[in-house]
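J.: Let's see this in three dimensions:
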Amino acid sequence: MKFTKMHGCGNDYVYVNCFTEKVDHPEETAILVSDRHFGIGSDGL
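T.: Numbering: from 1, shown residues only. Alright, predicted model coming up:
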């Protein structure tokens, strides 16, 4: 999955271009990706 991580004002988010990337189970993916110890680490997807 290609993604971009952006941050500002103390928040950081992972962005995925849903026009070119398919995210199966977005709710579960958001939880896994957001984990700061085992994932990318973010406030959301």
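
J.: all contacts plus neighbour counts: C-alpha atoms, from now on.
T.: OK.

J.: Give me the pLDDT for residue 23.
T.: The score at residue 23 is 89. That number is its pLDDT.

J.: What does it show for phi and psi?
T.: Dihedral angles of residue 23 (phi, psi; degrees, to the nearest 10) stand at phi -110, psi 110.

J.: if I look at it, how far off is residue 33?
T.: From residue 23 across to residue 33, the span is 12 Å (CA to CA, to the nearest Å).

J.: quick one: which of those two has more around it?
T.: Higher neighbour count among residue 23 and residue 33: residue 33, with 19 against 14, using other CA atoms under 10 Å.

J.: Pretty sure residue 29 is one of the things residue 35 touches, is it not?
T.: No - Residue 35 is beyond contact range of residue 29, at 10.2 Å (criterion: CA atoms under 8 Å).

J.: Helices of this structure, start to end?
T.: 26-34 (DSSP state H).

J.: List the buried residues of the helix or strand bottoming out on mean pLDDT in it.
T.: Every helix and strand of the chain was ranked by mean pLDDT, DSSP states H and E. The lowest is helix 26-34, at a mean of 93. Neighbour-count burial for helix 26-34, counted by 16 or more other CA atoms under 10 Å, picks out 30, 32-34.
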